[in-house]
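*Asks:* one predicted model, sequence on top.
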Amino acid sequence: MEHSNFVHLHVHSQYSLLDGTIRFEEVFDLAKKYRMDAVALTDHGNMFGVIEFYQGAIKRGIKPILGCEVYVSPGSRFEKKNVEGSEGSYHLTLLVKNRTGYFNLIKLISLAYLEGFYYKPRVDKEILSKYNEGLIALSGCLKGEVSVYATRGEMKKALHMAEEYSKIFDTRRFFIEIQNNGVENQSLLNVRLLEIGHTLSLPTVATNDCHYLQRKDAKAHEVLLCIQT
């Protein structure tokens, strides 16, 4: 049977609390239906679901790609204050490449809670530089650090941030992440992100930032977000 050429690398399950609605059995069913032989799990700031996800995927003959969408502090993770002119935290998609990467991701998430927690569990570039072996990074959604500056039109800063991440995740382990999910400013941002990727010779990957599985689930997801906010 011919497999799909597309694999979802940015997926939020019900363990992205009050944000994701996806249940594992349902995503495995759809992956089988669309002949996708692998699927990733990238919940917000936690790895609560990875064992259940891994075991379920293996049982269904699907390759599980473990990961997390981490929150990156604009400064030190120890600073418990908002930095003027910056976001409270930036998003970064991390995917496990091998056993070393899995244990490094565990370390990063643990430190995010124990040392970096400020409204959300946060890592910073210091510990990303220390515990990045075996991990692949994607630049993230609209709230990724590169995307935030690119959206504002601050291309020099966006380029600088992309270069920083590409040095941390060297040997081509940092990817420019583009999406086309109908969000305002996304199309313009994609053009700018592709320009950054071209300038720095960075590889590009397309994701969908999945928080629910079916179009009919959109209203229920909106209600969930209202409860959260």
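*Replies:* Here it is on my side, so go on. Numbers count the residues shown, from 1 in each chain.
*Asks:* quick one: the helices in the chain, in order.
*Replies:* 24-33, 50-59, 99-114, 125-130, 145-152, 155-168, 186-200, 218-228 (DSSP state H).
*Asks:* on contacts alone, who are the packing partners of the longest one?
*Replies:* I take that to be helix 99-114. When contacts are defined as 3 or more CB pairs under 8 Å, 6 or more residues apart in numbering; DSSP states H and E, helix 99-114 packs onto strand 63-72, strand 90-96, strand 122-123, helix 125-130, strand 135-138. (Each C-beta comes from the backbone N, C-alpha and C, glycine too.)
*Asks:* could you dump these into JSON lines with mean pLDDT, mean neighbour count and distance to residue 35 added?
*Replies:* JSON lines is the format used below for those (pLDDT from 0 to 100; neighbours: other CB atoms under 10 Å; distance: least, CB to CB, whole Å):
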{"stretch": "strand 63-72", "mean pLDDT": "98", "mean neighbour count": "23", "distance to residue 35": "13"}
{"stretch": "strand 90-96", "mean pLDDT": "98", "mean neighbour count": "24", "distance to residue 35": "21"}
{"stretch": "strand 122-123", "mean pLDDT": "98", "mean neighbour count": "26", "distance to residue 35": "35"}
{"stretch": "helix 125-130", "mean pLDDT": "98", "mean neighbour count": "16", "distance to residue 35": "35"}
{"stretch": "strand 135-138", "mean pLDDT": "98", "mean neighbour count": "24", "distance to residue 35": "23"}
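*Asks:* could you export those to JSON lines, including columns for distance to residue 154?
*Replies:* Formatted as JSON lines, the helices and strands packed on helix 99-114 follow (distance: least, CB to CB, whole Å):
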{"stretch": "strand 63-72", "distance to residue 154": "17"}
{"stretch": "strand 90-96", "distance to residue 154": "14"}
{"stretch": "strand 122-123", "distance to residue 154": "22"}
{"stretch": "helix 125-130", "distance to residue 154": "18"}
{"stretch": "strand 135-138", "distance to residue 154": "21"}
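*Asks:* quick one: contacts for residue 134?
*Replies:* 96, 97, 98, 99, 100, 101, 102, 103, 104 (CB atoms under 8 Å, 6 or more residues apart in numbering).
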